[in-house]
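Engineer: my questions are about this predicted structure, shown below with the sequence.
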Amino acid sequence: MAKQIEVSDLDAYYGSHKAIEGITMTIEPRSVTAFIGPSGCGKSTFLRTLNRMHEVIPGARVEGKVRLEDQDLYGPDVDPVSVRRTIGMVFQRPNPFPTMSIFDNVAAGLRLNGRVSRSEIEGVVEESLKGANLWNEVKDRLHKPGAGLSGGQQQRLCIARAIAVRPEVLLMDEPCSALDPISTLAIEDLIAQLKKDYTIVIVTHNMQQAARVSDRTAFFNLAAQGRPGRLIEMDDTSKIFTNPAEKATEDYIAGRFG
Amino acid sequence: MIVQTGIQPISVGRRAKDRIIQMLIFLAFALALIPLVSVLWMVVGNGMQRFDLEFLTHSMRDIGARDVGGGAYHAIVGTLEQVLLASLIAIPIGLLTAIYLVEYGNGGRLARTIGFFVDVMTGVPSVVSGLFVLAFWILVLGMPFSGFAGALALSILMMPVVVRSAEEMLRLVPRELREASYALGVPQWRTIVKVVLPTASTGIVTGVMLAVARVAGETAPLLLTVFFTDSINNDPFQGPQMGLPLYVFDQAGRPTDSAIDRAWTGALTLILIVMLLNLVARLIGWWRSPARRRS
Ligand SMILES: Nc1ncnc2c1ncn2[C@@H]1O[C@H](COP(=O)(O)OP(=O)(O)OP(=O)(O)O)[C@@H](O)[C@H]1O
Ligand SMILES: [Mg+2]
């Protein structure tokens, strides 16, 4: 189920503005990879190039290669829709569909992708909500609107929605940035469970969180203001946090930045 | 000057200003209501006299110039059919145009050109749309006067209103919702149908109803296209038809009191029809909205 991602020499543009440059890395299956780095260095941009969400922004384009196992995601005959079905995503701000109930939100990916039987959907919804640690809180109000949940619950609802389509990779862009410590812990626990089945990539500004949940950590930085972001180094999380190869990484982690 | 710091009570001046502005706003609201209320008052007061079963079920056939009685059944049927046909033409085209402009156009040259022409269409006086249908559909193509010709003229007026209001509503749907749907591997067209349109539906329905209400009261384009009749004609594709605005226009121009009364009642009926349509649309909107499920 989980697959390895290999990125080589990837650049991403917004119109003529180059946001990231020359990124090469390997993301291991069944593990958690954390992206850290200062604001604006292109972590979100890079994350979105991994499931071809970057190009939905008008004028945005990507150069370089991303391979999922032996498939080139940017190959000429690859359908971006199927890439997104394989590589799921959770956004920084919870974004449940406001017109849909909790149940329908989780079922959305299945229903919107084609015909699935009612009983099958019910099974998947329950399983996904349990997987996202939300089942007990919402099982009595599955048919109430998803927008009526708290922020943390909404974020877990979005995670349930993303895992309901059974992706092979799960990308999370600062999934806890709007959450309280308890919800954050719930989501971190969830990530630890999910990594048994999925390849997980998480962007975070929280060093402790990166240290707690991830196996590998990648540090991104800008050479200078207005220059494209680059990958500075990537290594086992324990190594990055105790003995990084680059001075910039050490400074950033120690909070001595700029 | 001493700069005061710390927490202070609201000063008397600000309180007074607040009061004055509140009064002014209330006054403006009351002023705006005067024409609305007085129009309704007049129409209801004068229209009630003839608002009876005969009016709603009879046409003007064989009603002489001085006769009392008679009704607007033929005009009601005509208006309903013409507005329905105009809606069937204008709403799909208008909605699809708005979807193109917002979801696919990306501010490109084609989208900007379309946007420009929609604005031009918004400014077309209603009589011109009637003239256009008269000149093109009836004179050039040789089609007969009919309710359908009237519906064509109405749809020209309706389309830009539908496009602009739907476009505005679609633009209000946050980008994140579309992205959430794409990220689930949902194709763009399904995202539009299942996520974007339902999210914007309440606003779109309101806009469409405004467009319907606007054309339901148009006289000029009908004058030139449906021709005119005192008899019932249920077929909007064959022969002259009547419409309520036309009926009001016609009756109000006649010299007898009974005709003037019929004009008032016609106006009242028109208002009631538009209100009823509005109510139905709102009920549908409410029935489909998540707010209902919440309770
Ligand atoms: N939609 C966009 N259009 C144009 N430029 C953009 C857009 N989104 C991001 N950028 C630019 O791309 C660069 C990288 O942005 P990105 O959002 O990837 O940073 P980030 O590392 O995720 O920052 P943060 O930690 O604050 O989320 C920034 O210079 C930003 O201004
Ligand atoms: Mg970001």
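Structural biologist: Okay, I see it. Numbers count the residues shown, from 1 in each chain, chains lettered A, B, ... in the order given. Ligands and ions are numbered 1, 2, ... in the order given.
Engineer: rest of the way, CA atoms for contacts and neighbours
Structural biologist: Fine.
Engineer: now the residue in the stretch 1-150 of chain B positioned nearest to ligand 1: how far from A:I182?
Structural biologist: In the stretch 1-150 of chain B, the residue that lies nearest ligand 1 is B:N106 (13.7 Å; CA to the nearest ligand atom). Distance, B:N106 to A:I182, using CA to CA, to the nearest Å: 41 Å.
Engineer: can you read off the pLDDT for B:S295?
Structural biologist: Here the pLDDT value assigned to B:S295 is 43.
Engineer: what kind of secondary structure is whatever residue of the stretch 101-250 of chain B ends up closest to chain A in?
Structural biologist: Here the stretch 101-250 of chain B gets closest to chain A at one residue, B:G185, 4.1 Å apart by CA to the nearest CA. Assigned with DSSP: H, G, I helix; E, B strand; the rest coil, B:G185 falls in the coil class.
Engineer: which ones are touching it?
Structural biologist: B:G185 is in contact with A:V81, A:S82, A:V83, A:R84, A:R85, A:T86, A:G109, A:N113, counting by CA atoms under 8 Å, 6 or more residues apart in numbering or on different chains.
Engineer: how near is the residue of the stretch 51-200 of chain A found nearest ligand 1 to chain B?
Structural biologist: Closest approach between the stretch 51-200 of chain A and ligand 1, counting by CA to the nearest ligand atom: A:I57, at 6.3 Å. Separation of A:I57 from chain B (CA to the nearest CA, to the nearest Å) stands at 10 Å.
Engineer: show me what contacts that residue?
Structural biologist: So A:I57 contacts nothing (CA under 8 Å, 6+ apart).
Engineer: which stretches in the chain count as helices?
Structural biologist: In the absence of a named chain, chain A is used. A:43-49, A:80-86, A:102-112, A:118-131, A:135-138, A:151-164, A:181-194, A:207-213, A:237-242, A:247-254 (DSSP state H).
Engineer: I was after chain B.
Structural biologist: B:12-47, B:53-57, B:73-99, B:109-122, B:126-133, B:147-172, B:175-183, B:188-191, B:197-216, B:220-223, B:244-252, B:257-288, B:290-294.
Engineer: so which of those helices comes closest to A:I200?
Structural biologist: helix B:175-183 (15.1 Å; CA to CA).
Engineer: the closest one near ligand 1 at all?
Structural biologist: No: remark: helix B:175-183 sits outside contact range of ligand 1, by CA under 6 Å from any ligand atom, the gap being at least 10.8 Å.
Engineer: dump the C-alpha coordinates for that helix into CSV.
Structural biologist: Presented in CSV, the C-alpha positions along helix B:175-183 are these (Å, rounded to 0.1, in the frame of the first residue of the first chain):
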residue,chain,number,x,y,z
ARG,B,175,-10.8,28.4,-3.0
GLU,B,176,-10.1,26.0,-0.2
LEU,B,177,-13.3,24.1,-0.8
ARG,B,178,-12.4,23.5,-4.4
GLU,B,179,-8.9,22.4,-3.4
ALA,B,180,-10.3,20.1,-0.7
SER,B,181,-12.3,18.4,-3.4
TYR,B,182,-9.5,18.2,-5.9
ALA,B,183,-7.3,16.8,-3.2
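Engineer: could you pull out the buried residues of that helix?
Structural biologist: Across helix B:175-183, burial judged by 16 or more other CA atoms under 10 Å in any protein chain shown covers B:L177, B:R178, B:E179, B:A180, B:S181, B:Y182, B:A183.
Engineer: coming back round to it: of the contacts of B:G185, which ones also sit close to ligand 1?
Structural biologist: When these are checked against ligand 1 using CA under 6 Å from any ligand atom, none falls in range.
Engineer: in ChimeraX, how would I select the buried members of those?
Structural biologist: Selection of buried members from the contacts of B:G185 for ChimeraX, criterion 16+ other CA under 10 Å:
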select /A:81,82,83,84,85,86,109
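Engineer: where in chain B is pLDDT low?
Structural biologist: Along chain B, segments meeting pLDDT under 70 span B:1-4, B:288-295.
Engineer: from B:N278, how far out is B:T219?
Structural biologist: B:T219 is 20 Å from B:N278, by CA to CA.
Engineer: and for B:I204?
Structural biologist: 13 Å.
Engineer: go on, B:V12?
Structural biologist: According to CA to CA, B:V12 and B:N278 sit 46 Å apart.
Engineer: more neighbours, these two?
Structural biologist: Taking other CA atoms under 10 Å in any protein chain shown, B:V12 and B:N278 do not tie; B:N278 has more neighbours (19 against 9).
Engineer: buried residues in stretch B:41-49?
Structural biologist: B:V43, B:V44, B:N46, B:G47, B:M48.
Engineer: one more: stretch A:230-240?
Structural biologist: A:R230, A:L231, A:I232, A:E233, A:M234, A:D235, A:T237, A:I240.
Engineer: what's the closest non-adjacent residue to the last one?
Structural biologist: Pointing back at A:I240 there. A:T217 (6.8 Å; CA to CA, 6 or more residues apart in numbering or on different chains).
Engineer: can you count the residues close to the one you found?
Structural biologist: 26.
Engineer: can you pull the pLDDT of it?
Structural biologist: Value for A:T217, per-residue pLDDT: 96.
Engineer: and for the one 10 residues further on?
Structural biologist: pLDDT for A:R227: 90.
Engineer: that one: neighbouring residues, count only.
Structural biologist: 15.
Engineer: for it, what are phi and psi?
Structural biologist: phi -90, psi 160 (degrees, to the nearest 10).
Engineer: distance check, it against chain B.
Structural biologist: Distance of A:R227 to chain B, computed by CA to the nearest CA: 27 Å.
Engineer: separation between the closest residue to A:R84 other than its chain neighbours and A:R52?
Structural biologist: Nearest residue to A:R84, sequence neighbours excluded (CA to CA, 6+ apart): B:G185, at 4.6 Å. Separation of B:G185 from A:R52 (CA to CA): 10 Å.
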